[in-house]
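Enquirer: have a look; sequence and predicted model below, questions after that.
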Amino acid sequence: MNQEKLIQSFLGYFGGSSEKIRIFTSPGRVNLIGEHTDYNGGFVFPAALTLATTIIARPRKDNKIRLIANDLEVMVEADLEDLSQYKSLRWGNYQLGVADELKKAGFNIIGCDLMYDDKVPLGSGLSSSAAIEIATAIALVSLGDEAYGKTKEIDMVQMALISQKAEHNYVGVMCGIMDQFASAMGKKDHAIFLDCKDLSFELVPVKLDGYSLVIGNTNKKRSLGEGKYNERRAQCEEGLSILKKEFPEAEFLRDISVSDYEGHKSMLTDDIIRKRVEHVVYENQRVIDSVTALKKGNLEVFGELMNESHNSLRDLYEVTGIELDTLVDEARKIQGVLGARMTGAGFGGCTVNLVANKSIDEFIEKVGKAYKEKIGYEASFYISDIGDGGREVEVIV
């Protein structure tokens, strides 16, 4: 991060001086395993990336919020007194949704200028939206607390929950909590074993010893709001309602074990509903098994579980598509790849691959070439470390 360059860019948009400028950042995330389990009260295993959204922020003396991204060149101005009118914005609705939810939660939100520097690829499945939301929440709460003389430490779990509400109520995407939680609570060189039912979590060291996580971006843009995300969620809820006749205490599909499912799957007479439920039930178990494998340093078992996860997302949950499947199929042909799977909601976005360091160059070259030949355009690849969650960054002058 080149602070001086970002601050000068900010001043170019908003004018004034660098006095009272503050910097906030929050990362995207990669989910190592546990897909479409979060909104079913299940287990996920995400890690924060070093790819992040950074905000240059400065308070204003009125009730206006002005937003700009340094790669979009379009400024949004909003009135804090009536935030409900901006839900249809193509850019800025995530930020203003967070402001709206913070106000509803009783936070003192003040006028400010915010410039966004986004390094998480938009629409990639690495949760650029959560990075934007968490960074915005930290910035708005911090500026408001300073203006009102408060010094209380920010509750980052609360910021994750408020950001999730912003997507539900303002943007209209009924997302689970995983993305926001990972962006808020990530820790360098650790993944988060998160129980989405009660938000209990464990930070698990990720020791890759000779291997790296390589992310493959299909570069196919997709929108959760326009896609099949809400449809899949409704199908899971329908499956749960059927199984609750036998398991009335079950609050979520995660409360249905593998043995419970196998003993009662005949109740699910609709083939589509059965497939959706089967993915979620087995995916939850794969997360538990993955945590056990990584604690033992068994990367081979973890890689096998990654492969099983993708196969299930392809065949049972049906959220992959030719782009993601091509990246995964080609990755599995490379010697030194222990596991390859889609990550994120699907229908485009990214894969996560466990690749031997000595095979990374070959992986990028061969997988990239095969993908372009089949799909017609290029994929992008990132080798990202596991980084820290959302935070304020010291301004170095």
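Expert: The structure has been received and is ready for your questions.

Enquirer: where do the helices sit along the stretch 251-397 of the chain?
Expert: With helices called from DSSP state H, counting those that start in this stretch, the stretch 251-397 of the chain shows them at 258-264, 271-295, 299-315, 322-331, 360-375.

Enquirer: mind putting these into JSON lines with mean pLDDT?
Expert: Shown next, in JSON lines, are the helices of the stretch 251-397 of the chain (pLDDT from 0 to 100):
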{"stretch": "helix 258-264", "mean pLDDT": "98"}
{"stretch": "helix 271-295", "mean pLDDT": "98"}
{"stretch": "helix 299-315", "mean pLDDT": "98"}
{"stretch": "helix 322-331", "mean pLDDT": "97"}
{"stretch": "helix 360-375", "mean pLDDT": "98"}
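
Enquirer: C350 and R58, how far apart?
Expert: Relative to R58, C350 is positioned 33 Å away (Cβ to Cβ, to the nearest Å). The C-beta positions use only the backbone N, C-alpha and C, and glycine is treated the same way.

Enquirer: out of those two, which sits in the busier spot?
Expert: Neighbour count, other Cβ atoms under 10 Å: between C350 and R58, C350 has more, with 29 against 21.

Enquirer: for the more buried one, which non-adjacent residue is spatially closest?
Expert: Distances taken as Cβ to Cβ, 6 or more residues apart in numbering put G125 closest to C350, at 4.5 Å, once the chain neighbours are dropped.

Enquirer: over to S142?
Expert: Using Cβ to Cβ, 6+ apart, the nearest residue to S142 is E392, at 6.2 Å.

Enquirer: for I256, see how far away the nearest residue to S257 once chain neighbours are set aside is.
Expert: Once flanking residues are discounted, S257 sits nearest to V281: 7.4 Å by Cβ to Cβ, 6+ apart. Distance, V281 to I256, by Cβ to Cβ: 6 Å.

Enquirer: you'd agree the residue nearest to S257 is up against F252?
Expert: No. V281 lies out of contact with F252 (Cβ atoms under 8 Å); the separation is 11.0 Å.

Enquirer: of these two, who's got more company?
Expert: Neighbour count, other Cβ under 10 Å: between V281 and F252, V281 has more, with 25 against 18.

Enquirer: how close does that one sit to G239?
Expert: Taking Cβ to Cβ, one finds V281 at 9 Å from G239.

Enquirer: and T292, by the same measure?
Expert: 27 Å.

Enquirer: these two: which is more packed in?
Expert: Shown here are T292 and G239; by other Cβ under 10 Å, G239 has more neighbours (27 against 14).

Enquirer: for the strand of greatest length in the chain, buried residues please.
Expert: Secondary structure assigned by DSSP state E gives strand 46-59 as the longest strand of the chain. Buried residues in strand 46-59, defined by neighbour count with 16 or more other Cβ atoms under 10 Å: P46, A47, A48, L49, L51, A52, T53, T54, I55, I56, A57, R58.

Enquirer: what do you get for stretch 324-343?
Expert: Applying 16+ other Cβ under 10 Å to stretch 324-343 flags 324-332, 334, 337-343 as buried.

Enquirer: confirm that G106 sits in a helix.
Expert: No. Using DSSP: H, G, I helix; E, B strand; the rest coil, the secondary structure at G106 is coil, not a helix.
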